[in-house]
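*Asks:* Mind looking at a prediction? Sequence and model below.
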Amino acid sequence: MQPDDEVTRRYRGMAREEPGAAMDAAILAASRRAVAPSLSRRWGAPVSIAAVLVLAFGLTLEMRHEEPGIETSLPAPPAALPEPSNAPATPEPQPAAPAAKDSASGATAQGIAPGKERAAREDKRAAPARKLEKAAQPAEDALHRAPMPEAREAVPPQAPLERASPAGEAPSPFPAAPQGSAAPAASRAAPPKIAAPIVEAPPSAAAALPAPPAAGAAPLRAQDLNAAPAFAPRAKAAAEAMQRAAPAAGPDAALRELERIAGLRAAGRDAEADRALEDFRRNHPGYRIPEAMWERVKPR
Amino acid sequence: MEPSDEALMLAYAGGDAAAFEALYARHKGPVFRFVLRSVKSRAEADELFQDVWMRAIEARARYRPEAKLTTWLYTIAHHRIIDHWRAKGLAVVSLDDEEAAVDEPRAAPSSEPARVAEAADTARRLEAAIAALPLAQREAFLLHHEGELTAAQIAAATGTNEEAAKSRLRYAMNKLREALEDDAT
C-alpha cells in the first residue's frame, strides 16, 4: 500500500462527516445508563442480608416466647399422662382417674399444655403429696381394721364418699378434679386428726372437706386453677359451699347433737326432740344420719 | 500520555462512563463515515451507527484486550451492515473468488467511475467512485482509511483471510485511482 497515494490524499481531503449532536447525546446517555449503579443493584445485597437477620432474630424471640406451645404440638398426648398415672395411687381409682384426665384435658384446652418439663415439674411438686399419702395409708388401714364396733356400725366404709358428694342441698360444685387426687391426699396427710378421735369422729366429714391446708398437692392445684381462670371461680364457690355444709364445730358436734336428741326421745320429750331435730337439719343440711341413729332420733 | 483504546474500554466495562466518552470521541467520526459510505443514506447511517455503538455498550463485558479495539468495533459495524443488506434482500460477499465475490448490485451507470470522473468536484467524484465500488472492496477501503486497520485486521473484522483482504483493498484502490485519472484527463 502507498500511504501517500493520490487516492488516500484526496480521500483525506473530503468532507469530514460526523454524527449529529443529538445522536452523540443519545449514545452517551445510553452508555452512562448501562454502567450507572441502580438502586436495587447497590442496595439489593445489604437489604437482603438485613431482612434475613431481622427475620431470624424475630423468629428466635417468637420461639422463646412460645416454647410451651411448641412442645405441646408434638408430644401432647404422652405429656398428659403423668397426672393420670398418679391417680391409681389413690385408694379411689374410679373417680380419681377421670377427674385427673378432665383436669389435664381442661388445662390443655386452656392452652396450658403440659409439656414434658411441665409434667416433670408437677411430678416434683406432687411428690410430697404422694409421700404423705403413703404415710397416711397405714393410719387409714388401721382405721378400717380397728375394732370400733360403734363407729363401724354407724359409718359404713362407703360413707365418706357418699357423704362427700351428696346430691341434696349442698351439692359439691367441684368437678371432682380437686377431690380426686389432691383432697384425699391432703386429708390423709394429717393422720393425728383422723386417727386419734376416730371413735367419736368418723372420717366422712374430713374426707368430704376440700381440706384447706392442702398439704403437698394443694399448691399445685392452686397454681393450676390460677392458670385456668375458668376453674378459679368454681373452685372458690365450691370451697365456700363445703364450708357452709360443714358446721363450725365439725362432725363431733353433729354426733353429740344427735345423741342429745336420742336422749330426749328416750326420755319421752318428743316435742323438744322434734325441735332439736329440725334445728339439727338446719345446721347440718348435708349430714346423713346413720340408720341406727335415725331409729333413735326419728319423730314419733 | 493518553490511555489506549483498550484501556478505555476496560475502564468503561468496569463502570467508568467517562472512559466511554473519550473512546466515543476518538472513534465516532471514522465509524460514522464507514457506515455512511457503506449504506449511502444518512438516515440509514444514523440508525446503523447508533446500533453499532449500542451493541458495543451491551458487549462491553465480553471485550477482551487481546483484540485491538478498532478491530472489535469495526467487526460489530461490519456485522450490522451485513444484516442491513440482508434485510434488503441483497447478497453481499463471496470470500473465494474476488471478481465473483461482488454479488451486490452494481452501481448504476451514472455512478460508474468513468462517468463520475466527469463531475466537476473531485471530492464528489471520489465519493461517487467509492460508492460505486463493490461492497467488499469498499468495506476494505473504508476500514483501511477510516479505521486505519491493516490487511490482517480487515480480514479479522470481515471474517475473511488476509490475502483476500489485501486483494480487495488493492482492487478498490486501483479503481479509485483510475477514476481520478480519468478526471485528470
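*Replies:* Sure thing, it's come through.
*Asks:* Every contact and neighbour count from this point should use C-alpha atoms.
*Replies:* OK.
*Asks:* Helices of chain B, residue ranges please.
*Replies:* Per DSSP state H, chain B carries helices over the ranges B:5-13, B:17-39, B:42-58, B:69-87, B:113-116, B:122-132, B:135-145, B:151-158, B:162-184.
*Asks:* want to throw those into JSON lines with mean pLDDT?
*Replies:* Converted to JSON lines, those look like this (pLDDT from 0 to 100):
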{"stretch": "helix B:5-13", "mean pLDDT": "93"}
{"stretch": "helix B:17-39", "mean pLDDT": "93"}
{"stretch": "helix B:42-58", "mean pLDDT": "94"}
{"stretch": "helix B:69-87", "mean pLDDT": "92"}
{"stretch": "helix B:113-116", "mean pLDDT": "48"}
{"stretch": "helix B:122-132", "mean pLDDT": "85"}
{"stretch": "helix B:135-145", "mean pLDDT": "93"}
{"stretch": "helix B:151-158", "mean pLDDT": "93"}
{"stretch": "helix B:162-184", "mean pLDDT": "88"}
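*Asks:* Looking at these, spot the one closest to A:Gly13.
*Replies:* Nearest to A:Gly13, of all those, is helix B:122-132, at 7.6 Å by Cα to Cα.
*Asks:* What is the closest one packed up against?
*Replies:* Using 3 or more Cα pairs under 8 Å, 6 or more residues apart in numbering or on different chains; DSSP states H and E, the elements in contact with helix B:122-132 are helix A:6-12, helix B:17-39, helix B:113-116, helix B:162-184.
*Asks:* and after the host helix or strand of A:Ala273, which helix or strand comes next?
*Replies:* Using DSSP states H and E, A:Ala273 maps to helix A:270-283. Moving toward the C-terminus from helix A:270-283, the next helix or strand (DSSP H and E) is helix A:291-297.
*Asks:* Flag every buried residue along that next one.
*Replies:* For helix A:291-297, burial by neighbour count (16 or more other Cα atoms under 10 Å in any protein chain shown) applies to A:293, A:296-297.
*Asks:* Kindly report the same for stretch A:18-37.
*Replies:* A:19, A:24, A:27-28, A:30-32, A:34.
*Asks:* Report the mean confidence score over it.
*Replies:* Stretch A:18-37 shows a mean pLDDT of 91.
*Asks:* contacts for that stretch?
*Replies:* B:12-13, B:15-17, B:20-21, B:28-29, B:32-33, B:46, B:50, B:53-54, B:57-58 (Cα atoms under 8 Å, 6 or more residues apart in numbering or on different chains).
*Asks:* could you redo the last one with a cut-off of 10 Å?
*Replies:* By Cα atoms under 10 Å, 6 or more residues apart in numbering or on different chains, the surrounding residues in contact with stretch A:18-37 are A:42-43, B:12-18, B:20-21, B:24-25, B:28-33, B:36, B:42, B:45-47, B:49-51, B:53-54, B:56-58, B:60.
*Asks:* Can you select the buried ones among those residues for me in ChimeraX?
*Replies:* Entered in ChimeraX, the line below selects the buried ones among the contacts of stretch A:18-37, by 16+ other Cα under 10 Å:
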select /B:12,13,15,16,17,20,21,24,28,29,30,31,32,33,36,42,45,46,49,50,51,53,54,56,57,60
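*Asks:* Mind telling me what element whatever residue of the stretch 51-200 of chain A ends up closest to chain B is part of?
*Replies:* Distance from chain B to each residue of the stretch 51-200 of chain A (Cα to the nearest Cα) is smallest for A:Ala51, at 28.0 Å. With elements taken from DSSP H and E, the one containing A:Ala51 is helix A:39-65.
*Asks:* other SSEs contacting that helix?
*Replies:* Secondary-structure packing of helix A:39-65 (3 or more Cα pairs under 10 Å, 6 or more residues apart in numbering or on different chains; DSSP states H and E): helix A:67-73.
*Asks:* average pLDDT across the helix it packs on?
*Replies:* 54.
*Asks:* where does residue 148 land on pLDDT?
*Replies:* You didn't say which chain, so I picked chain A. 45.
*Asks:* should've been chain B
*Replies:* 91.
*Asks:* How about the contacts made by it?
*Replies:* B:30, B:70-71, B:141-142, B:154.
*Asks:* Could you measure from it over to B:Ala179?
*Replies:* Look at B:Glu148 and B:Ala179: by Cα to Cα, to the nearest Å, they are 23 Å apart.
*Asks:* Next: B:Phe34.
*Replies:* Taking Cα to Cα as the measure, B:Phe34 and B:Ala179 are separated by 20 Å.
*Asks:* repeat for B:Ala56
*Replies:* Distance from B:Ala56 to B:Ala179, by Cα to Cα: 36 Å.
*Asks:* returning to what we had before: what helices or strands is the helix holding A:Ala273 leaning on?
*Replies:* Counting by 3+ Cα pairs under 10 Å, 6+ apart, helix A:270-283 packs on helix A:251-266, helix A:291-297.
*Asks:* Out of these, which is closest to chain B?
*Replies:* Of the helices and strands packed on helix A:270-283, nearest to chain B by Cα to the nearest Cα is helix A:251-266, at 99.1 Å.
*Asks:* Check which residues of the closest one are buried.
*Replies:* Result for helix A:251-266 [16+ other Cα under 10 Å]: buried residues A:251-252, A:254-255, A:257-258, A:260-265.
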